[in-house]
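**Q** Build me a structure from this.
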Amino acid sequence: MAARHFKGSDDAQRPETASSASRVAEAAAAAEATVAMQNAAEAAEEAAGEGRVPVAEVKDSGDVYGLVNKYNHHHRRRRKRSSGSHRNRALPILGGVLVLVFAILCAGAVWMAQLNKSLSMGDEAEAVTGALVSEEEAAVEVQNDGFYVLLVGSDAREGDTASRGDVLILARVDPTKHVVTLVSIPRDTMVSIAGAVGTQKINATYAYGGASEAVYEMSKFCGVPISHYAEVDFEGLERVVDLLGGVWVDVPEAVSLSQTGHGSLAAGPQMLDGETALAYARERYNASGGDFGRAQAQRLIVQAIIRQTMQAGPAQLPGLINNLAACITTDYTVTDLVSLAMQFQGQKTTIYSAVCPSYALWQDGVSYVGTMYDEWRDMMKRVDAGLDPNDTSVEIPEPQASSEKLGKAENAESPKDYKDLAASSMSTDAVAPTDNVTTID
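**A** Numbering: from 1, shown residues only. Just a heads-up that it's a prediction; the model follows:
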């Protein structure tokens, strides 16, 4: 099907960030007061050193401002007797400008620190950092400008002590060619997990070892180095969508959202609020392809979030990310996120969407998802080359064509002889037809 094009930035209303502005104003005021006090103290010390204010007064007085006023009085009398040069008159003005600039910088630093704290992974940061491969190291390994990000949607809710990775998406990001590729890994994919007994489902990696284990196992399954990690829970996804003013999603089929009791959606482009987007992302019983259809819906929502974030103006990005920071957890800093978004702004960007070729599998009375190994290896070669993952007719270039690591799925446990099993089971081909290539002008 033809790729869908999106233009302009009117897809959704973006909320004003009054609360963040208030915090910045407060931080600016605090920083300005601190700088003013420091300057006053320094001025008083200088006055004492020059004999205009007794040293004892500087040491004993708690009224630094009063001493500075006293110094200024003497200084003004002295200036009246002097030549009144323009240089002397300019110094206080220059000092005031420097104080204002410094105050703004301090306020910005406080604000950025608050945002980075919101994004921080907390106690997991060290373990996750150890599992990630830097973009520079990854570039040497993959031999191109793209890098990989693991996107996890956990099923955690307020008060939960344990959760699973309900949504697993490998994203390849190429800021040079302005290409983003989203590949879903079915959550029930049959794998072995380090430290776990017996066969597991890949979404259990999150429960067994947290974010770092999810990074390790996904990297082994996909055969690529993962440089960044981002996580959002159910409530966070709902807030993200609402903060964007809703997201436009081209729903590929009419679907009942009875699983969560949220009515139904008609087929076609429509604006979804946070609650409806979450219900759509969780619906599997009434979607074509079942869980594969749900993964398709999740990618459509992620695409919409990326699209509307990229279409925000440069002046809107900091405030937008300020709001989003409270909803996501990532190894990225605010500066990193703004810088990454700015590399795509104003550029024609292509977003590819795909899913690991898979099929439904029953084994020992447990429902799993089996991997189509040959198809998966070829798909990951196209992904790594920045090509359309679903276009099997395209020629795969070197070094991807001869890579033995891409799509290796070394931790997969489903049968290696899978052709007949896949032919007789529901597969990832059973989802409703949709455009898997989106272009943003």
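
**Q** rest of the way, CA atoms for contacts and neighbours
**A** Fine.

**Q** Map the structural domains onto the sequence of the protein.
**A** Here the domain parsing of the chain from automatic domain parsing is 18-119, 134-440.

**Q** quick one: average pLDDT of the first one?
**A** Taken as a whole, domain 18-119 has an average pLDDT of 48.

**Q** which ones are touching P225?
**A** Going by Cα atoms under 8 Å, 6 or more residues apart in numbering, P225 touches 132-133, 138, 141, 147-148, 219.

**Q** I'd like these laid out as TSV, including secondary structure, pLDDT and distance to E275.
**A** Shown next, in TSV, are those (DSSP: H, G, I helix; E, B strand; the rest coil; pLDDT from 0 to 100; distance: Cα to Cα, whole Å):
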residue	secondary structure	pLDDT	distance to E275
L132	coil	94	32
V133	coil	92	35
A138	helix	89	37
E141	helix	81	41
F147	strand	96	32
Y148	strand	97	29
S219	helix	97	32
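
**Q** now, among these, which is nearest to Q343?
**A** F147 (14.2 Å; Cα to Cα).

**Q** how far away is the closest one from Y352?
**A** 15 Å (Cα to Cα, to the nearest Å).

**Q** Now tabulate the contacts of P225 in JSON lines and tack on neighbour count.
**A** Output for the contacts of P225, formatted as JSON lines (neighbours: other Cα atoms under 10 Å):
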{"residue": "L132", "neighbour count": "22"}
{"residue": "V133", "neighbour count": "18"}
{"residue": "A138", "neighbour count": "20"}
{"residue": "E141", "neighbour count": "11"}
{"residue": "F147", "neighbour count": "25"}
{"residue": "Y148", "neighbour count": "25"}
{"residue": "S219", "neighbour count": "25"}
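
**Q** And L272, how far from V240?
**A** 12 Å.

**Q** Looking at these two, which has the bigger crowd around it?
**A** Set L272 next to V240 and count neighbours by other Cα atoms under 10 Å: V240 wins out with 23 against 19.

**Q** The residue lying closest to the more buried one once chain neighbours are set aside: what secondary structure?
**A** Counting by Cα to Cα, 6 or more residues apart in numbering, V240 lies nearest to L324, which is 6.0 Å off, once chain neighbours are set aside. What DSSP: H, G, I helix; E, B strand; the rest coil gives for L324 is helix.

**Q** shouldn't L324 be in contact with E238?
**A** No - if you go by Cα atoms under 8 Å, L324 and E238 don't touch, sitting 11.0 Å apart.

**Q** Where does pLDDT dip in this structure?
**A** Within the chain, the segments meeting pLDDT under 70 span 1-122, 156-165.

**Q** what about the helices in it?
**A** For the chain, applying DSSP state H gives helices covering 18-49, 55-60, 64-81, 86-119, 125-131, 135-142, 204-222, 234-243, 274-282, 291-310, 317-325, 334-344, 373-384, 419-423.

**Q** Look up the closest residue to A295, ignoring the ones flanking it.
**A** S184 (6.4 Å).

**Q** distance of the one you found from E213?
**A** 18 Å.

**Q** same question, K220
**A** Per Cα to Cα, K220 is found 11 Å from E213.

**Q** which ones are touching the nearest residue to A409 once chain neighbours are set aside?
**A** Using Cα to Cα, 6+ apart and skipping residues adjacent in sequence, the residue nearest A409 is F221, 3.8 Å away. Contact analysis of F221 by Cα under 8 Å, 6+ apart lists 407-412.

**Q** Hmm, I321 is touching V334, no?
**A** Yes - I321 is within contact range of V334, at 7.3 Å (criterion: Cα under 8 Å).

**Q** Counting neighbours, what do you get for S339?
**A** Here the count is done by other Cα under 10 Å, and S339 has 12 residues near it.

**Q** so what's Y418 up against?
**A** 370-372 are the contacts of Y418 under Cα under 8 Å, 6+ apart.

**Q** In a markdown table: these, plus distance to I169.
**A** Compiled in a markdown table, the contacts of Y418 are given as follows (distance: Cα to Cα, whole Å):
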| residue | distance to I169 |
| --- | --- |
| G370 | 17 |
| T371 | 16 |
| M372 | 17 |
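
**Q** Filter those residues down to the ones in strands?
**A** Mapping the contacts of Y418 onto strands (DSSP state E) picks out 370-371.

**Q** returning to what we had before: for R299, state which of the contacts of P225 is nearest.
**A** Proximity of the contacts of P225 to R299 (Cα to Cα) peaks at Y148, which lies at 15.8 Å.

**Q** what's the distance between the residue lying closest to G153 once chain neighbours are set aside and D336?
**A** When the adjacent residues along the chain are set aside, G153 lies closest to V167, with 4.5 Å between them (Cα to Cα, 6+ apart). To D336, V167 is 24 Å away according to Cα to Cα.

**Q** need the longest strand for this structure.
**A** Longest strand of the chain, by residue count under DSSP E: strand 165-174.

**Q** any idea of the angle it forms with helix 291-310?
**A** Strand 165-174 runs at 50 degrees relative to helix 291-310, counting by axes from the mean of the first three to the mean of the last three Cα atoms, to 10 degrees.

**Q** So which elements touch strand 165-174?
**A** Using 3 or more Cα pairs under 8 Å, 6 or more residues apart in numbering; DSSP states H and E as the contact definition, the elements that strand 165-174 packs against are strand 147-154, strand 179-184, helix 204-222, helix 291-310.
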